[in-house]
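Novice: I'd like to go over a predicted model; first the sequence, then the structure.
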There are 6 protein chains.
Amino acid sequence: MRILLVNPNTTAAMTEGMMCVARTVAPLGADVVPLTAERGFPYIATRAEAQIAGAIALEMIAAHAGSADAAIIAAFGDPGLPAAREIFDFPVVGMAQAALVSAAMLGDRIAIATFSPALRRWYEDAARNAGLGDRFVGVSAPASHAAPPPAGAPATRQLLAGLCHRAVDELRADVVVLGGAPLAGLAAELQPEVGALLVDPVGAAIAQAVALVSMTPRAGFARRSGRPLPKPTNGLSPSLARLFAQEAAE
Amino acid sequence: MRILLVNPNTTAAMTEGMMCVARTVAPLGADVVPLTAERGFPYIATRAEAQIAGAIALEMIAAHAGSADAAIIAAFGDPGLPAAREIFDFPVVGMAQAALVSAAMLGDRIAIATFSPALRRWYEDAARNAGLGDRFVGVSAPASHAAPPPAGAPATRQLLAGLCHRAVDELRADVVVLGGAPLAGLAAELQPEVGALLVDPVGAAIAQAVALVSMTPRAGFARRSGRPLPKPTNGLSPSLARLFAQEAAE
Amino acid sequence: MRILLVNPNTTAAMTEGMMCVARTVAPLGADVVPLTAERGFPYIATRAEAQIAGAIALEMIAAHAGSADAAIIAAFGDPGLPAAREIFDFPVVGMAQAALVSAAMLGDRIAIATFSPALRRWYEDAARNAGLGDRFVGVSAPASHAAPPPAGAPATRQLLAGLCHRAVDELRADVVVLGGAPLAGLAAELQPEVGALLVDPVGAAIAQAVALVSMTPRAGFARRSGRPLPKPTNGLSPSLARLFAQEAAE
Amino acid sequence: MRILLVNPNTTAAMTEGMMCVARTVAPLGADVVPLTAERGFPYIATRAEAQIAGAIALEMIAAHAGSADAAIIAAFGDPGLPAAREIFDFPVVGMAQAALVSAAMLGDRIAIATFSPALRRWYEDAARNAGLGDRFVGVSAPASHAAPPPAGAPATRQLLAGLCHRAVDELRADVVVLGGAPLAGLAAELQPEVGALLVDPVGAAIAQAVALVSMTPRAGFARRSGRPLPKPTNGLSPSLARLFAQEAAE
Amino acid sequence: MRILLVNPNTTAAMTEGMMCVARTVAPLGADVVPLTAERGFPYIATRAEAQIAGAIALEMIAAHAGSADAAIIAAFGDPGLPAAREIFDFPVVGMAQAALVSAAMLGDRIAIATFSPALRRWYEDAARNAGLGDRFVGVSAPASHAAPPPAGAPATRQLLAGLCHRAVDELRADVVVLGGAPLAGLAAELQPEVGALLVDPVGAAIAQAVALVSMTPRAGFARRSGRPLPKPTNGLSPSLARLFAQEAAE
Amino acid sequence: MRILLVNPNTTAAMTEGMMCVARTVAPLGADVVPLTAERGFPYIATRAEAQIAGAIALEMIAAHAGSADAAIIAAFGDPGLPAAREIFDFPVVGMAQAALVSAAMLGDRIAIATFSPALRRWYEDAARNAGLGDRFVGVSAPASHAAPPPAGAPATRQLLAGLCHRAVDELRADVVVLGGAPLAGLAAELQPEVGALLVDPVGAAIAQAVALVSMTPRAGFARRSGRPLPKPTNGLSPSLARLFAQEAAE
C-alpha cells in the first residue's frame, strides 16, 4: 500500500516532522511517500493561501498518482481536498477531516487546539467542511499571534498543555485535536496530563488512509457518476492537463 | 489487538455472517471476538427495541471488557453507542457511525440503502447521531415491508442493486452505505454495477476500530473528565454493577 | 383519568417529593399513580445510566399499561421516552420535554437551571430531543459537582436563586426550567425573586399529560402506521414480551 | 379561569365554529369568552394580512385583558403572537403553536393538512416560529386554490381524508395537525380512518391554555426582565395606549 | 427613480437625520421622499411595537405607492417588511436586511453594534429574518439601558467606538453594522479607528434600493405567483383597502 | 469608478456576452474593465476546476488591482471569492453571491435555473457559501447533460423557460436566478412569461459592486484585523507575490 503524504507548504522540515509521526503509526506494508511543495507558501494560514496551495496540491498528487493507493493532504486546513476527491480515483484524506471524524468516534464534543489565533478562521472552515458542524465546539488558541513555536521545545509543550486544559474546562471538549504541523507528535506526550482524549492529525490521517484503502474496492472510484466531464485545458501542469483531458478517453 | 464484535441481536447466524466480512478486512494480529446476545430481539428495528438491546449490549461489553482493546456494536443503528462510550475505557465503534464517517471521507452526499422501510426511522436516527446531518441525503428502501431477504440470494442482490441505483439517481449520492446485517458482504459484489462508492458497515467498523486503536493512547480514556461519577446500583449484571461502582475506587 | 408517574430511579423519597407537586397541579378526577424503579440507579445522571434506566421504565409502564390513560417518565432527562412512545397506545410524557415545550409557549429563550454540572450533558441531550434546539439557550449549573442538595433546605434555595439570576443575566432567558427531582416544588417558591418565568417539570408533566389526554382520541394510537412490527422476544419481562408479540395478534 | 378566544378574522360564524370545539374540550370552571374582530379581513391567509390582523388582535386582547387568565389567538398562523407575549401578563396561546407542540409530544414527524395551497407559506412560517423546525415535515394541501370548503360537508371530509393519507404516505407524518378554522371539529371525525394521530388546533389551544394557567404562577409575568420599557404613543386604541404607557407607572 | 423613505416611528427629527445620510449616498436622478408616521411610537424597540408599526408602515407605503419605484422601511428592525413585499409591486428594502446582506458581501462574520440592550432581541430577529443566521455573530450593546444618545455628541461617538472594538475583539466581526436611527452617519466617522468594515444602514438601504431597481424589470412584480388573493376588507385605510380588493380587478 | 470584470474561464466570447449585459446596467461613470483568463479551463463546472481557476482569478485581480475600485469574479460559482476578499482592499463581488443576496431582498424562496445537471453541485456550494442556506430551495436543471446551449437561440430560451416554470411550480420559488454565463441577458427576455422574479447574475454583480463602492469608505479595508500576515512566497505571479509580501511593509 503506497500512501502519498503531500505537504502543500514549501517547508521541508515540516514534512520531515510529520514523517516521524507517520512512521510510528503506519502498519507494516504501508509505504508513506513524503512530498514537499516546490512553490507556494512556507506556512499556509489563510483562505487566500489555501486557494493557491490547494491548486498546487492537485499538481503534486497528479504527478505521483500513478503509483498511489491513497493520498494525504498534509496541511491541517485540508487545502484542495474536495477538488482532489473529484478527480483522483483513490481515497484522498485531509489531516483536519481525518482528525475530526476520528474524534467524532471517540467522544461528543470536539475542539481544536493550536498555537496562533491567525489560524482560527481557516480551522473553523475545515471543521465546517468536515461535515461535523454540531459536534465541533471551537478553537482554543492564544489571544495574540506569535511565530510557530519550535517543535519539541518545553515552552511549546507548556503552551499547548494550557490550551488543552482550556478546551476541557471552557469548551467542555471530550476530544482535542492538536492542529498545525509544528505540533506533530505532541499528542502522545501531553495525553497523560489532559482530561480529554488527544488526537494527532498526522496519526489520524495515516490511520484513516489505511482504513479507507482496506475497506473500499479501488474499482469503484472510476465509476463514480459525479466525476468531472473531460475537457481541454490551457497552461496546467502536464499531469493535471492529462488528468482533465484523459477522462474523455474512458 | 482484541476487538469485540458485539451483536445485540439474538440471531447467531447474523453474527456468523458478519464474521465472514470481518475476517477479510481485519489485519494480521487483530483478533475479532464474536458475541451474540442471549436475550432480547432476533432483529432490532425500532427505537423501542434499541432501548432494550442497547442496555443488553452494555452488559455484553462489560462481561468481556477485561481483555478488549475495542468493541464494535454490531447492529446498524448503533444501539447503546453513546452510553458505551461513557463507561468503557477503550474505543467503542458503531457500525452505522463507522460506515457513515468513512463515507464522509469518500464523498459528499451519503445515502443508506436497506431492505425494509421499517428500518428507515431508526437508520435516520443513526445518521443524525453520527453527527453528519448535512451530508446524509436519505434512506433508499422499498415502499413496503418484507421479511429480511436471504443473504446471498440473487433476488436480494437484485433488490439492493435497484435501491443503490435509486440512491444515485434520485438522492444524488456519492457514497451508499448498505445498512442491515443481512446485507453483510454485498457491497463488494455490487460495486461494479453502481455509479457510487459502496460501503459495507462491517468492513468499515473493523477498519475504524483498528484505526482508532492505532491512533489513540489507551491511557487517555481513564482520565476523561466526562466519565460518570461512581454510584451503587441494584439488579444490574455483576460486571456492569462493578463497572458503575468501581469508578469510586479510582 | 389515570396517569402513571413512573420514576425510573430507585429512590422512593424522590417519587414522594414529586407526588407532592403532582397533587397540587392535577385536576379533580385525575388519578396520579406513583411507581418507583425496583432496580437500576438511585439517581440517573448520564447517558449510560439512562440507557439502562430507560429500558427499566419500559418494563414499569408495560406492567401497569392496562389501566393507564397516560404515563409520565419522571426523570428530567426523559430516559426511554421515544421508545415508550412507539409501543404504548396512550400519551407518554417526559418531564424534560413537557417543561421545555411549555416554556416555549411562555417565552422565547429557555434555560435549564440545575444543581450539578454532571447533569449538563444529559440535560442538553434532553433539550435537543425535545425538538427545541433553537430556543434552548443553555444550562445554568455550579462549576463543580456536589451531592444533590437536600430538598427544601435554605442553602438549596439560595443556590438555585443564584443559578436562576445567572440564567436571566448571562443566558438572557425568558423562562427557566428547574431540572432535577430534588428541586421539585422550588419553582413557586423562587418565582417572586426571579426576572423570568419559572417552570417546574413535575407540574408541567402533569398539566401536559392532562392536556394530551383531553385533546387526543385514544382510538387513534392503535392505528398509527409507525408502530413496531410484532416479533418474538427472549428474556424480557412478561408484560413487555406480551406487548412486543401481541401486536401480531391485531 | 377565564380564557379569551380572540378571532382576529371578522367572520363571526368562524368564531362560533371554534366555540363548538372549545366547549367540548374546556374543563369545568374554564370560561371561554369568544371575541370576533370588528375590522380587518374575513379570512387571514398571508403575511400582509397577518401583519395587520396581528395588530388588531393586540387591541382586542388589550380591551379585555382586565378579567382574563389567558388568551388564545384563534387563527391558525398565530398573528401577533410574539407581540402579545411581550405585553400581556398572562399566558397567550397561538392555535398553530399549541397544536404543533402538542403534536411534538405525541410523535416525531409532524405535518399540517389544510384546504388551500395559498395558506402553505403562512403555515410554514407558523411552524418555524413555533420553534419546531426539525420536526415539521411539511404542509399537505391541494395543488390549486379553492374557496374554504363548507364546514361539515362530506366533500370537505373527503378532501381532508385524502390530504391526511398523503401526509402519512409521502411525508411519513406521525401526527397531522388540521390547520384552518373551517376544519374545526374534523379531527375527531377523521381519526378512525387515518394512520397517524390527528390534532385539532382549537382543542389543542384550549388544553394548552388550561395547562399553562395551571402550572404558571401568575405573579411571575409582571417581573419578566424582557418586558417593553414604558413609552407614550399616538393614535393607538385607548387600552393599548394605556398598556404601553402604564408600564412606566410600575 | 423615486424612493420612499418610510420612517414608521413618529419622530420627525429621526427622519431628517436619515435624510442627511441618504442625500450623500443617493445617485443623481434618485429622488428620496421622506415620510414620518403620524401615529404609533416615538421609537420602536420591541416586537409588540413592531407588530403595530409594521401595519402603519403598510398604510404609509400604500398611500404613496402610485408614484414609487421602491420603498425603504426606515427602522432598523424592518417592521412590516415581509408583509410589504407581498403586496407592493416594486422593491421594498429594509434597513436591517440591506445592511446585513451588504455586510455579507464584505466579510464573513457580521455583528450589529447598538446603543441599548433593549434593542438586542428585536435586532436578533432582524438578523434571522434577513436569512443570514450563520454569518451573524451577535449584537454588541451596553449592559444596561439608557436613553438614545444625542446624535453627533462626542459621548455617543465614544460609546459606539467601544462597542465596535468589542465586536472585533470578542465577536471577531469582519463587518459591523451600526444599528438604530440615532447612529445614522456615524459609520464614516468611526471607520478610521475600527479594525472592521463599518456599514451604515441608511446608506446600505439607499444603495440596495437603487441596485434592485436597476437590476429588476418592474413588470415582473405583478406576475408573481405568490401574491395574496383579492379580498374585501373592513376598517382599513382607503389605499390599503383598495390594494387588497384591487387585486381582484386584475 | 473602475470595476474589474474578471472572467476566470479562458473563453473570450463569454466575457463579451457578459459585457453586453454589464453595459446596460452600469451607471454613468462606472467603467467596467473586461478580463479573460489566459490559462485554465474553457468552462468551469466542478470543484476541481474551481480550485485551480480560483487561484488564477487571484492572479488576474492582483495584476490589475492598482487602478480598481471593485472586482467581480465573473463565473457563477464564485471561484476564489473568499480568498480574494482576504487580500484585496476593495469590494470583491461574486456573481452567484450577488445574485442570491439580491434575490433574498426580492422574495423568500430562491432557486437557480441552469442548463446542465453537471453544474448542480458547484452551484449548491455557491448558495451555501453565500450564507443563504435556508432561503435557497434548489437548482432547476435538465435531467441529463448537454453542451452549453448557444446564447440567444430559441431552443435555449425555451429550455430555460421550462426550467423557470418548474422552479415556480415544484420548488415554489419567488425568485429565480439564471445561473451560468451562456444565459447572460436572458432574464429580461423571459420575465414576461414567468410567475417569479428573474435575476441576471451579471446585472446583479454590477449593481452590487456599484452599491458596495458607494456605501463603503475605501479606507476601512486596509485596517481590517483579519488580513493575512505578510509572508515570503515562492513561484507566484509577481503581483501576487508582492501582495503577500507587501503587507509586511505596512
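Specialist: In hand now; what should we look at? None of these values were measured; they are calculated from a predicted model. Numbering: from 1, shown residues only, chains lettered A, B, ... in the order given.
Novice: got the CA positions of stretch A:185-205 in PDB?
Specialist: Extracted in PDB, the C-alpha atoms of stretch A:185-205 (Å, rounded to 0.1, in the frame of the first residue of the first chain):
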ATOM      1  CA  GLY A 185       3.900  14.200  17.800                       C
ATOM      2  CA  LEU A 186       2.900  16.300  20.800                       C
ATOM      3  CA  ALA A 187      -0.400  14.500  21.400                       C
ATOM      4  CA  ALA A 188       1.100  11.300  22.900                       C
ATOM      5  CA  GLU A 189       3.400  13.400  25.100                       C
ATOM      6  CA  LEU A 190       0.600  15.600  26.500                       C
ATOM      7  CA  GLN A 191      -2.000  12.900  26.900                       C
ATOM      8  CA  PRO A 192      -1.100  11.900  30.500                       C
ATOM      9  CA  GLU A 193      -1.900  15.400  31.800                       C
ATOM     10  CA  VAL A 194      -5.100  16.300  29.900                       C
ATOM     11  CA  GLY A 195      -8.700  15.300  30.900                       C
ATOM     12  CA  ALA A 196      -9.800  14.600  27.300                       C
ATOM     13  CA  LEU A 197      -8.600  12.300  24.500                       C
ATOM     14  CA  LEU A 198      -6.000  13.900  22.300                       C
ATOM     15  CA  VAL A 199      -5.800  13.300  18.600                       C
ATOM     16  CA  ASP A 200      -2.700  13.900  16.400                       C
ATOM     17  CA  PRO A 201      -3.800  14.800  12.800                       C
ATOM     18  CA  VAL A 202      -0.900  13.000  11.200                       C
ATOM     19  CA  GLY A 203      -1.600   9.800  13.100                       C
ATOM     20  CA  ALA A 204      -5.300  10.100  12.300                       C
ATOM     21  CA  ALA A 205      -4.600  10.800   8.600                       C
END
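Novice: quick check, it touching chain B?
Specialist: Yes. Looking at stretch A:185-205 against chain B by Cβ under 8 Å from any Cβ of the partner chain, the contacts come from A:187-188, A:191-192, A:194-200, A:203-204. In short, each C-beta sits where N, CA and C put it, glycine included.
Novice: Let's have those residues in CSV, adding secondary structure and neighbour count.
Specialist: CSV is the format used below for those (DSSP: H, G, I helix; E, B strand; the rest coil; neighbours: other Cβ atoms under 10 Å in any protein chain shown):
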residue, secondary structure, neighbour count
A:A187, helix, 29
A:A188, helix, 17
A:Q191, helix, 22
A:P192, helix, 11
A:V194, coil, 23
A:G195, coil, 18
A:A196, coil, 29
A:L197, strand, 25
A:L198, strand, 25
A:V199, strand, 27
A:D200, coil, 30
A:G203, helix, 28
A:A204, helix, 30
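Novice: E:L163: which of those is nearest?
Specialist: A:A196 (35.2 Å; Cβ to Cβ).
Novice: and the gap between that closest one and chain C?
Specialist: 14 Å (Cβ to the nearest Cβ, to the nearest Å).
Novice: Then A:A53?
Specialist: Distance from A:A53 to chain C, by Cβ to the nearest Cβ: 36 Å.
Novice: what's the distance between the nearest residue to that residue once chain neighbours are set aside and chain D?
Specialist: The shortest distance from A:A53 to any non-neighbouring residue, by Cβ to Cβ, 6 or more residues apart in numbering or on different chains, is to A:P8 (4.2 Å). Here the criterion is Cβ to the nearest Cβ. By it, A:P8 lies 38 Å from chain D.
Novice: ok, A:P8 touching A:G80?
Specialist: Yes. Shown here, A:P8 and A:G80 form a contact pair, counting by Cβ atoms under 8 Å, at 7.1 Å.
Novice: intersection of neighbour lists for those two?
Specialist: A:A53, A:G54, A:I56, A:A57, A:I73 (Cβ atoms under 8 Å, 6 or more residues apart in numbering or on different chains).
Novice: And the first one, how far from chain D?
Specialist: What it means is A:A53. 38 Å.
Novice: Next: the second one.
Specialist: In this structure, A:G54 lies at 34 Å from chain D, with Cβ to the nearest Cβ as the measure.
Novice: just the fourth one next, same as before
Specialist: For A:A57, the distance to chain D under the criterion Cβ to the nearest Cβ works out to 37 Å.
Novice: now A:E193
Specialist: Distance of A:E193 to chain D, given as Cβ to the nearest Cβ: 39 Å.
Novice: how about the nearest residue to that residue, chain neighbours excluded?
Specialist: Spatial nearest neighbour of A:E193, excluding adjacent residues (Cβ to Cβ, 6+ apart): A:A161 at 6.1 Å.
Novice: What pLDDT is listed against that neighbour?
Specialist: On pLDDT, A:A161 comes in at 96.
Novice: how many other residues sit next to it?
Specialist: A:A161: 16 surrounding residues under other Cβ atoms under 10 Å in any protein chain shown.
Novice: now do A:A245
Specialist: 14.
Novice: Please spell out which residues along the host helix or strand of it are buried.
Specialist: Taking DSSP states H and E as the criterion, A:A245 maps to helix A:238-246. Within helix A:238-246, the residues scored as buried using 16 or more other Cβ atoms under 10 Å in any protein chain shown are A:S239, A:L240, A:L243, A:F244.
Novice: now do stretch A:51-66
Specialist: A:51-62, A:65.
Novice: Kindly identify which of the buried residues of helix A:238-246 also come near chain D.
Specialist: Counting by Cβ under 8 Å from any Cβ, no member of those reaches chain D.
Novice: where do the helices sit along chain A?
Specialist: A:12-25, A:47-64, A:81-87, A:95-104, A:120-129, A:154-169, A:186-190, A:201-215, A:238-246 (DSSP state H).
Novice: What is the fifth one packed up against?
Specialist: By that I understand helix A:120-129. Judged by 3 or more Cβ pairs under 8 Å, 6 or more residues apart in numbering or on different chains; DSSP states H and E, helix A:120-129 is in contact with helix A:47-64, helix A:95-104, strand A:110-113, strand A:136-140.
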